[in-house]
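Participant: Turn this into a structure:
(chains A and B)
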Amino acid sequence: MFCIIALIIFAILGIFSASHRLLAKEALDCVLRRVTLRPCNTGFKEKIQAKILGQLINRSVRLTKFVNRYFEVLAWIFFILMVASTVYVMRGGYNFYMYGNCNGLNEAGFCVFDPTGANNQTTPINESCSLTPPSAKDLRFDVLKLTDFPQVTANTEKAVVFIGCYSCDATRKTYPTIRKLLANNTTNFTFIHFPIKPELNFLSNYTYCINKIAPNKLWEFNDAMFAAPVNNLTDKNYVNSVIQQIGLDANAIEQCVNDPETQKIVDDQFQQVVATNIYGTPTTFVNGQAIVGPKPYRVYQRLLSGGMFAEIRDYFARLTK
Amino acid sequence: MSLEQLRQDFPMLQQRLNNKPIVYFDNACVSLRPQVVIDAITQYYQEYSACGGRSMHKLGKRVTQECAVARQIIANFIHAQKPEEVIFTRNTTEGINLVARSLNLTAGDVVLTSDKEHNSNLVPWQVLAKQKNIAHKIIPSNPDNTFNLETYQNVLNTHKGKVKLVAIGYTSNLDGVTFPIKDIVKLAHQAGAKVLVDAAQAMLHHRIDVQNLDVDFLAFSGHKMLGPSGMGILYGKYDLLEQLEPFLVGGDTVEYTTYTEHKFLSAPKKFEAGLQDYAGMIGLGTAAKYLESLNYAEINQQEFTINKYITEQISQLPKLHIIGPVEPAQRGSIVSFYVDGVDSHKIALMLDESANIMVRSGQHCVHSWFNAHNIHSSVRVSFSFYNTLAEAELFATQLKKILMVL
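Facilitator: The predicted structure follows:
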């Protein structure tokens, strides 16, 4: 058992050092002999064991005695730990590839492949000291009446619902990914503006009104809002200038925005979003599956395509076309 | 000169590994080199690394001159009659092979060796036994591994008239036991045999006088006597050397050649084929000169003190067996031991790893003895005049700790 552990460790160290490469070779010879039921005849284990014991003996004779006596047992323990940690690392790698986080989709916690946690960043909603942290498991997609929101419909079952706010960093980071996703796929799409700060509430009225008056212009408006300096977003004059730039009738929009009926609808939209138990923006539902935070493009794409195998299937389908 | 001053001559003893001093107890394998030897070798490469014995320019002449001086120093060191009796070789093994290949042994000739020869003084005779059908006979040692003169006499008598050569070690690298070479030579000569002595293990610890011993051939290595590696000496009585045919021939061994003929030079030149290791020759000469300046009685006293201390400290440890005689004085500068059920390599590695104590483990190129005695291996502690009692104390302490663990 010791030879296997030594082989792995020295093989890794051997990448950087020639002396460890020789030890790795010796360990490999030992492993090959053991798997073919022959004794390891290079004294490899004894050599490494002696080196370890030699280092320990100056610290504690008792500890050295213990290590010597239970060397094989300790080797087994290390082997099991190594296998377990390898499984965890592989699981982490799989999760990172599939969901953009080592711990799984929408899971918090440190991920070595995303050490800054960039893929989990959100702008929190209603931060409070609750006893239990918010969880993606509590998110409810079914409370949303999608026809109440700006939509692009397509003749497909696939659906993406993107909830974000114009001023939130994480939403701004995710927006281009969502645009790319829409460009590369035929899917139903719903855009929901969910203002985090009260002073941005009025932008929801604009979103509603632009979609009502000139739905095609909404995406231009969104592009402009997500690209605009955050400080400008609270300035109505700035928003109006954008409206004019994209060729909309500012008066008509203004009239709609100030209409009490609009406010009623927007408030209703807001309550629908609150009912989803959303706790951070952006939150995206891809085919009903919640994705919290800005994930890599591949995560959205795979969920939209129907999983990893569907993605492979699509890839080959494209090749054969 | 005090021991501390003497140790200053050896740069390796000044260094620390892992922030600990080195305890070098592997002198039977390779001795350390004093600064003067290192300087002499460096000086050759820096100042006159030219061709010796051939080129007429100033540098060439200097090389020739320095090598001649080195040969003379070595001849004086072993008390040879003249420098021409000193042949530069690569090591003891080459010296022994030179005799084995050149002595013109024929089928039925008997060669005697002891039962604990280094492979360098065993394998050449085994090969000749196969190739030329000579008879290679072993002289069994006493139970305590000392030489049995009576048995030796009996073997000589048994093969009366047929024993052509007694090839024997001066000091065993297995257990440090020194053989009664003078008696061995006397009896061999009485039986009409020549004597080849493997003195590799002796040069650092004994003052050897080839004339007094009356040996016919004597081989030794530089690396075991403070000299450079890859350099050795074969001494031979001049008239015997003149009778020998060289076994390695080529450049510098001949006076002249035609397309069909050649004429060899006289000894030692005819045995020194090809361009020589001039730096090695000069370094070995310097080492011999350095040794000349030492007091061998003091050397032996220091080695005995260390051997006695180690023997006292470890001989009573459970399951530990010292190879060779009980009396430390008979084991010179070596304590070779094994512990039942414990791998010798493990002990050696742990000594090294825990305290930079460098000993050798294994069968020390005397596999035949270990196989005959069914002993797997031993740990060999071999010291020299530059080792201290404090080092021996550290060794004993560490060994006791290690054996508590294993």
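Participant: And the residue nearest the centre of chain B?
Facilitator: B:A200 (0.9 Å; CA atoms, centre = their mean).
Participant: any idea what sits nearest the residue in chain A that chain B sits nearest to, other than its immediate chain neighbours?
Facilitator: Relative to chain B, the nearest point of chain A is A:G54 (2.5 Å; CB to the nearest CB). For the C-beta atoms, the positions are set from N, CA and C on the backbone; glycine is no exception. Spatial nearest neighbour of A:G54, excluding adjacent residues (CB to CB, 6 or more residues apart in numbering or on different chains): B:E353 at 2.5 Å.
Participant: Are we agreed that that neighbour is in a strand?
Facilitator: No. Judged by DSSP: H, G, I helix; E, B strand; the rest coil, B:E353 forms no part of a strand; its state is helix.
Participant: Can you give me the distance of it to A:I9?
Facilitator: To A:I9, B:E353 is 18 Å away according to CB to CB, to the nearest Å.
Participant: And A:T42, by the same measure?
Facilitator: Counting by CB to CB, the gap from A:T42 to A:I9 is 17 Å.
Participant: Ok, A:A136 next?
Facilitator: Applying CB to CB to A:A136 and A:I9 gives a distance of 38 Å.
Participant: Counting neighbours, go ahead and name the busier of these two.
Facilitator: Neighbours were tallied for A:A136 and for A:I9 using other CB atoms under 10 Å in any protein chain shown; the higher tally belongs to A:A136 (20 against 17).
Participant: and that one, what is it in contact with?
Facilitator: A:L105, A:N106, A:A290, A:V292 (CB atoms under 8 Å, 6 or more residues apart in numbering or on different chains).
Participant: returning to that earlier point: what about the residue of chain A closest to chain B, which helix or strand?
Facilitator: helix A:44-57 (DSSP states H and E).
Participant: any idea of the mean pLDDT for the helix or strand following that helix?
Facilitator: For helix A:44-57, the following helix or strand on the C-terminal side (DSSP H and E) is helix A:61-69. Here helix A:61-69 scores 95 as its mean pLDDT.
Participant: Show me what helix A:61-69 is packed up against.
Facilitator: Judged by 3 or more CB pairs under 8 Å, 6 or more residues apart in numbering or on different chains; DSSP states H and E, helix A:61-69 is in contact with helix A:44-57, helix B:389-405.
Participant: Just the CA trace of the last one, in PDB.
Facilitator: These are the backbone C-alpha positions of helix B:389-405, laid out as PDB (Å, rounded to 0.1, in the frame of the first residue of the first chain):
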ATOM      1  CA  LEU B 389      35.500  10.300  20.400                       C
ATOM      2  CA  ALA B 390      32.600  12.700  20.600                       C
ATOM      3  CA  GLU B 391      31.500  11.400  17.200                       C
ATOM      4  CA  ALA B 392      31.700   7.900  18.500                       C
ATOM      5  CA  GLU B 393      29.600   8.900  21.400                       C
ATOM      6  CA  LEU B 394      27.000  10.400  19.200                       C
ATOM      7  CA  PHE B 395      26.900   7.300  17.100                       C
ATOM      8  CA  ALA B 396      26.400   5.000  20.100                       C
ATOM      9  CA  THR B 397      23.600   7.200  21.400                       C
ATOM     10  CA  GLN B 398      21.800   7.300  18.100                       C
ATOM     11  CA  LEU B 399      22.200   3.600  17.500                       C
ATOM     12  CA  LYS B 400      20.700   2.800  20.900                       C
ATOM     13  CA  LYS B 401      17.800   5.000  20.100                       C
ATOM     14  CA  ILE B 402      17.300   3.400  16.700                       C
ATOM     15  CA  LEU B 403      17.400  -0.100  18.100                       C
ATOM     16  CA  MET B 404      14.800   0.900  20.700                       C
ATOM     17  CA  VAL B 405      12.500   1.800  17.900                       C
END
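Participant: and the angle for it with helix A:44-57?
Facilitator: 110 degrees (axes from the mean of the first three to the mean of the last three CA atoms, to 10 degrees).
Participant: Contacts for helix B:389-405 next, please.
Facilitator: Residues contacting helix B:389-405 (CB under 8 Å, 6+ apart): A:53, A:57, A:61, A:64-65, A:68, B:23, B:25, B:305-306, B:309-310, B:313-314, B:317-318, B:320, B:339, B:342, B:347, B:350-351, B:354-355, B:357, B:359, B:381, B:383.
Participant: ok, now with 7 Å
Facilitator: By CB atoms under 7 Å, 6 or more residues apart in numbering or on different chains, the surrounding residues in contact with helix B:389-405 are A:53, A:57, A:61, A:64-65, A:68, B:23, B:25, B:305-306, B:309-310, B:313-314, B:317, B:339, B:347, B:350-351, B:354-355, B:357, B:381.
Participant: Mind checking the helices and strands packed on helix A:61-69 for the one nearest to B:R7?
Facilitator: B:R7 sits nearest to helix B:389-405 of all those, at 10.3 Å, using CB to CB.
Participant: quick check, distance from the closest one to the centre of its chain.
Facilitator: Mean-position distance between helix B:389-405 and its chain equals 28 Å (CA atoms, centre = their mean, to the nearest Å).
Participant: Return the set of buried residues in it.
Facilitator: For helix B:389-405, a neighbour-count test (16 or more other CB atoms under 10 Å in any protein chain shown) marks B:E391, B:A392, B:L394, B:F395, B:A396, B:Q398, B:L399, B:K401, B:I402, B:L403, B:V405 as buried.
Participant: Can you tell me how far the residue lying closest to B:K186 once chain neighbours are set aside is from B:F77?
Facilitator: For B:K186, ignoring the flanking residues on the chain, the nearest one in space by CB to CB, 6+ apart is B:D214 at 7.4 Å. Per CB to CB, B:D214 is found 17 Å from B:F77.
Participant: From A:Y70, how far out is the closest residue to chain A within chain B?
Facilitator: Nearest residue of chain B to chain A, counting by CB to the nearest CB: B:E353, 2.5 Å away. Computed as CB to CB, the B:E353 to A:Y70 distance reads 19 Å.
Participant: Write out the residues of chain A neighbouring chain B.
Facilitator: Contacts of chain A with chain B, taken as CB under 7 Å from any CB of the partner chain, map to A:43, A:46-47, A:50-51, A:53-55, A:57-58, A:61, A:64-65, A:68.
Participant: Just the buried subset of the residues you listed, written out for PyMOL, thanks.
Facilitator: Of the residues of chain A next to chain B, the buried ones can be selected in PyMOL as follows, counting by 16+ other CB under 10 Å:
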select buried, chain A and resi 43+46+47+50+51+53+54+57+64+65+68
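Participant: Need the residues of chain A next to chain B in JSON lines (columns: distance to A:R298).
Facilitator: What follows is the residues of chain A next to chain B, written out as JSON lines (distance: CB to CB, whole Å):
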{"residue": "A:G43", "distance to A:R298": "49"}
{"residue": "A:E46", "distance to A:R298": "49"}
{"residue": "A:K47", "distance to A:R298": "47"}
{"residue": "A:A50", "distance to A:R298": "50"}
{"residue": "A:K51", "distance to A:R298": "45"}
{"residue": "A:L53", "distance to A:R298": "49"}
{"residue": "A:G54", "distance to A:R298": "50"}
{"residue": "A:Q55", "distance to A:R298": "46"}
{"residue": "A:I57", "distance to A:R298": "53"}
{"residue": "A:N58", "distance to A:R298": "52"}
{"residue": "A:V61", "distance to A:R298": "56"}
{"residue": "A:T64", "distance to A:R298": "51"}
{"residue": "A:K65", "distance to A:R298": "53"}
{"residue": "A:N68", "distance to A:R298": "50"}
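Participant: Among the residues of chain A next to chain B, find the lowest-pLDDT one for me.
Facilitator: For the residues of chain A next to chain B, the least confident entry is A:G43, with 78.
Participant: Look up the closest residue to that one, ignoring the ones flanking it.
Facilitator: A:G43 sits nearest to B:H345 (CB to CB, 6+ apart), 6.0 Å away.
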